[in-house]
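*Asks:* The amino acid sequence is not available; the structure is as follows:
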C-alpha cells in the first residue's frame, strides 16, 4: 500500500470538462483506491493504492475518466515520497509564498528539451527544472507570466499542470495526516 496524490489538468475551468469532486472520489474508489480525499475543484486527489507503479495508475485513471465522461483528462500521479522530495528541493523556498508555483510534468524532460527554454528570456520570473516538475517563482501574478502550462508543454512536448505553492502545501499537510491503516 502506498500513498499518492493525483492532479488532473484542465477540469472545471470556465464551465467546461466538469467533474464533481464527489463523483471523482467515487471513480477512484471504483478503481480500488482507498482513503480517497479530494481537495478543491481543480482535481487534486489523495489516495492509497496497492499499485506501486505511478504510470500504470495514471493510465488507469485517465481511461476511467474518458469512459465515464467522454473526454480526455491528463492525470499526473506522484507518490508521497516524490511529493516530499519536491518540497525539500525547492530552490525558491525563501521567496514569498505568493510568488511560488509548481508545474508537474507527465514525464521527465530530456536535457535537449530543457535547453529549448532560455531562462533569461523570462526574467524577472524564474524557473528551475527538476526530474518531473518545474519550480516557478513569478515576480507578478501567475496569470501574467509567459511561463505557463502551454509554454512548457509546447517547448518540452510533455503534458503539464500547475498548482500554486499554497495548494501544494495544503496537499502535503493532508498527505502527512493521511492514515493508511
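*Replies:* On my side now, so go ahead. None of the values given here were measured: they were computed from a predicted structure.
*Asks:* Determine the number of other residues adjacent to the residue lying closest to residue 80 once chain neighbours are set aside.
*Replies:* If the residues on either side of it in the chain are set aside, residue 80 comes closest to residue 3, at 4.0 Å by Cβ to Cβ, 6 or more residues apart in numbering. All C-beta spots, glycine's among them, are computed from the backbone N, C-alpha and C. The number of residues packed near residue 3 is 18, by other Cβ atoms under 10 Å.
*Asks:* Could you double-check that residue 3 lies in contact with residue 82?
*Replies:* No: counting by Cβ atoms under 8 Å, residue 3 does not reach residue 82; the two are 10.5 Å apart.
*Asks:* Is it correct that the residue nearest to residue 80 falls within a helix?
*Replies:* No: per DSSP: H, G, I helix; E, B strand; the rest coil, residue 3 lies outside any helix segment and is strand.
*Asks:* ok, what's across the strand from it?
*Replies:* As for beta bridges, residue 3 partners with residue 48 under DSSP bridges.
*Asks:* That one and residue 105: what is the separation?
*Replies:* Separation of residue 3 from residue 105 (Cβ to Cβ, to the nearest Å): 21 Å.
*Asks:* ok, now residue 39?
*Replies:* Remark: distance between residue 39 and residue 105 (Cβ to Cβ) = 20 Å.
*Asks:* repeat for residue 137
*Replies:* Residue 137 is 17 Å from residue 105, by Cβ to Cβ.
*Asks:* now do residue 148
*Replies:* Residue 148 is 14 Å from residue 105, by Cβ to Cβ.
*Asks:* tell me which residues in the helix or strand of the chain with the lowest mean pLDDT are buried?
*Replies:* Every helix and strand in the chain was compared by mean pLDDT, DSSP states H and E; the lowest is helix 111-114, with a mean of 76. For helix 111-114, a neighbour-count test (16 or more other Cβ atoms under 10 Å) marks residue 113 as buried.
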